[in-house]
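In: Take a look and give me a structure for this.
(2 chains)
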There are 2 protein chains.
Amino acid sequence: MGYFHEGHLALMRKGRELGDDLIVSLFVNPAQFGPNEDFATYPRNTERDLDLAEKTGVDAVFMPEAKEIYPPGFQTFVDQEDLPDHLCGLSRPGHFRGVLTVVAKLFNIIRPHVAVFGQKDFQQLAIIRQMVRDLDFNIEIYGAATVREADGLAMSSRNAKLAPEHREAATSLYRSLQAAKDQLSKGETRAARLIDTARQVIEKYPEAAIDYIKISDPQTLADLPEVDRPALLALAVKIGEVRLIDHTLLTP
Amino acid sequence: MGYFHEGHLALMRKGRELGDDLIVSLFVNPAQFGPNEDFATYPRNTERDLDLAEKTGVDAVFMPEAKEIYPPGFQTFVDQEDLPDHLCGLSRPGHFRGVLTVVAKLFNIIRPHVAVFGQKDFQQLAIIRQMVRDLDFNIEIYGAATVREADGLAMSSRNAKLAPEHREAATSLYRSLQAAKDQLSKGETRAARLIDTARQVIEKYPEAAIDYIKISDPQTLADLPEVDRPALLALAVKIGEVRLIDHTLLTP
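Out: Residues are numbered from 1 along each chain as shown, chains lettered A, B, ... in the order given. Have a look, this model is predicted:
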């Protein structure tokens, strides 16, 4: 979706390493924004993005117009029955239908052998992997690690929209994950307690409004009551007007 | 879906002509049958089908197991917003979602340059063409003309299930289309009148239960009140327990 940062550049470098020809898509996809979401204000800077892509060794940038991707009469969508009914999908109805549809189109237009996505959007990555399996796309999906700022904040184009006075609150997402991890390492495995620990770190900031903090099965994304096996700790928090997500994997 | 008849063989011959390698799919797709439909009793004869395919010059028959196509955890579906809300889609909820999903999978598994479908399933063909456009499949779709028995009955694997004493009623579908066409050629363009004419031909048979008779826009499948431009006359009728469809194109 553009407004490239170090996280995107890491995806590009990984793609450069994995493929012969490297194509980057740059498309703020209207179909994955809800009516009350930030499509209009999502940060954009095409010139800078193209410059960064070129410097990172990208062969081509796929930058369609919305009306080419969704021409009049467009009506075919890809959706899933279970994975979108968790985490971000609950507060963003239709979001993952928009993601799946545009990614299926991207795959058919570009026909890549490998596609690189960020692990930061954990649910998105899980949903894309499931689509690739279910619809038999002959594409290897590579999930690239989250890149963070020095203060732990996961890189996101939306960080550009954070008010300077909200920056510290934004870092509470990462710190809350660390606090839960610490508690787990001391022997607490009950999901409710770990989530509570994370919540307390974030709730110190009045500008932070928690959407969810969940401990889930990394495959099905269903809630786990107990971290007795590898688990996903994921959260979404609005800092002022900016919705941020982050996650970590917990191992008992 | 197998139980091959002359209509299928005509598709195969067309495919033989259009392609270098000809692959035929043979799969009774559970996802496109409703809970009260005839999945269990749909006619099957694999040995005969393989023999016919070989004799018609087919290079390979793609004949997966249902559990390979829909493994445990399968949850990704392709669907459309408008085209399924007409004609057969109204009495077969979920049917076209099942068709779209299995055809998308087939396309990704086989990766054909051209795919041949029968025009007999007019709505199915329209829906597949729309999916190819919307999801950017790089595949040419060829619609092959309906093949009919000497008495006009459109070839269908389901014809094998007709009771001999219902055969005459089954031919009323074709005759009803011809009757409406005749009336149109004499100057009647009102859809309601043409549909009524078709209905009368079918209603002579107590074993015939009309699901729908519609005059529609061939692109959008929406009802047309007047045949003042090319139109689709389509119908679905149950003859005893066997649901049959047929259609014709009307030109004023």
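
In: which parts of the host helix or strand of A:Ala180 are buried?
Out: Assigned by DSSP states H and E, A:Ala180 belongs to helix A:167-185. Residues A:169-177, A:179-181, A:183-184 are the ones in helix A:167-185 that count as buried (16 or more other Cβ atoms under 10 Å in any protein chain shown). For glycine as for every other residue, the C-beta is placed from the backbone atoms N, C-alpha and C.

In: CA atoms only: put the next helix or strand along the chain from that helix into CSV for me.
Out: Per DSSP H and E, the first helix or strand lying C-terminal to helix A:167-185 is helix A:191-203. What follows is helix A:191-203, C-alpha atoms only, in CSV (Å, rounded to 0.1, in the frame of the first residue of the first chain):
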residue,chain,number,x,y,z
ALA,A,191,-4.0,-16.5,28.8
ALA,A,192,-6.3,-14.2,30.9
ARG,A,193,-3.4,-13.3,33.2
LEU,A,194,-1.0,-12.7,30.4
ILE,A,195,-3.5,-10.6,28.5
ASP,A,196,-4.2,-8.6,31.7
THR,A,197,-0.5,-7.8,32.1
ALA,A,198,-0.3,-6.6,28.5
ARG,A,199,-3.5,-4.5,29.0
GLN,A,200,-2.1,-2.7,32.0
VAL,A,201,1.0,-1.5,30.1
ILE,A,202,-1.3,0.0,27.4
GLU,A,203,-4.0,1.4,29.7
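
In: Enumerate the positions of helix A:191-203 that are buried.
Out: A:191, A:194-195, A:197-199, A:201-202.

In: Stretch A:111-123 now?
Out: In stretch A:111-123, counting by 16+ other Cβ under 10 Å, buried: A:112, A:115-123.

In: Flag every residue of the stretch 51-200 of chain A that's near chain B.
Out: Contact residues, the stretch 51-200 of chain A versus chain B (Cβ under 8 Å from any Cβ of the partner chain): A:73-83, A:100-101, A:104-105, A:108-109, A:111, A:130-131, A:134-138.

In: Neighbouring strands - and their directions - for the helix or strand hosting A:Ala115?
Out: Taking DSSP H and E as the definition, A:Ala115 sits inside strand A:114-118. The strands beside strand A:114-118 in its sheet (DSSP bridges) come out as strand A:140-144 (parallel).

In: for the partner strand, which positions count as buried?
Out: For strand A:140-144, by 16+ other Cβ under 10 Å, it's A:141-144.

In: so which of the residues you listed would you say is closest to chain B?
Out: Ranked by distance to chain B (Cβ to the nearest Cβ), the buried residues of strand A:140-144 are led by A:Ile141 at 13.7 Å.

In: which residues touch the closest one?
Out: A:114-115, A:117, A:125, A:128-129, A:132 (Cβ atoms under 8 Å, 6 or more residues apart in numbering or on different chains).

In: give me that answer again for 7 Å
Out: If you count contacts by Cβ atoms under 7 Å, 6 or more residues apart in numbering or on different chains, A:Ile141 has them with A:115, A:117, A:128-129, A:132.

In: and A:Asp79, that's in a strand?
Out: Yes: counting by DSSP: H, G, I helix; E, B strand; the rest coil, A:Asp79 falls inside a strand.

In: ok, it to B:Val227 distance?
Out: Applying Cβ to Cβ, to the nearest Å, the value for A:Asp79 to B:Val227 is 37 Å.

In: Next: A:Ala234.
Out: Distance from A:Ala234 to B:Val227, by Cβ to Cβ: 57 Å.

In: same question, A:Ile139
Out: In this view, A:Ile139 and B:Val227 are 47 Å apart by Cβ to Cβ.

In: quick one, which of the two is more surrounded?
Out: B:Val227 (21 against 18; other Cβ atoms under 10 Å in any protein chain shown).

In: how about the more buried one, what does it touch?
Out: Residues in contact with B:Val227, defined by Cβ under 7 Å, 6+ apart, are B:184, B:189, B:191, B:194, B:215, B:250, B:252.

In: Out of the contacts of A:Ile141, which comes closest to A:His8?
Out: Distance to A:His8 across the contacts of A:Ile141 (Cβ to Cβ) is lowest for A:Phe117, with 10.9 Å.

In: my read: the closest one touches A:Arg129, true?
Out: No: counting by Cβ atoms under 7 Å, A:Phe117 sits too far from A:Arg129 to count as a contact (8.9 Å).

In: ok so, going back, pLDDT and distance to B:Gly94 for the buried residues of stretch A:111-123 - can I get that in a markdown table?
Out: Formatted as a markdown table, these follow (pLDDT from 0 to 100; distance: Cβ to Cβ, whole Å):
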| residue | pLDDT | distance to B:Gly94 |
| --- | --- | --- |
| A:Pro112 | 98 | 32 |
| A:Ala115 | 98 | 30 |
| A:Val116 | 98 | 35 |
| A:Phe117 | 98 | 30 |
| A:Gly118 | 97 | 34 |
| A:Gln119 | 97 | 34 |
| A:Lys120 | 96 | 35 |
| A:Asp121 | 96 | 30 |
| A:Phe122 | 98 | 30 |
| A:Gln123 | 98 | 26 |
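
In: I am finished for the moment; much appreciated.
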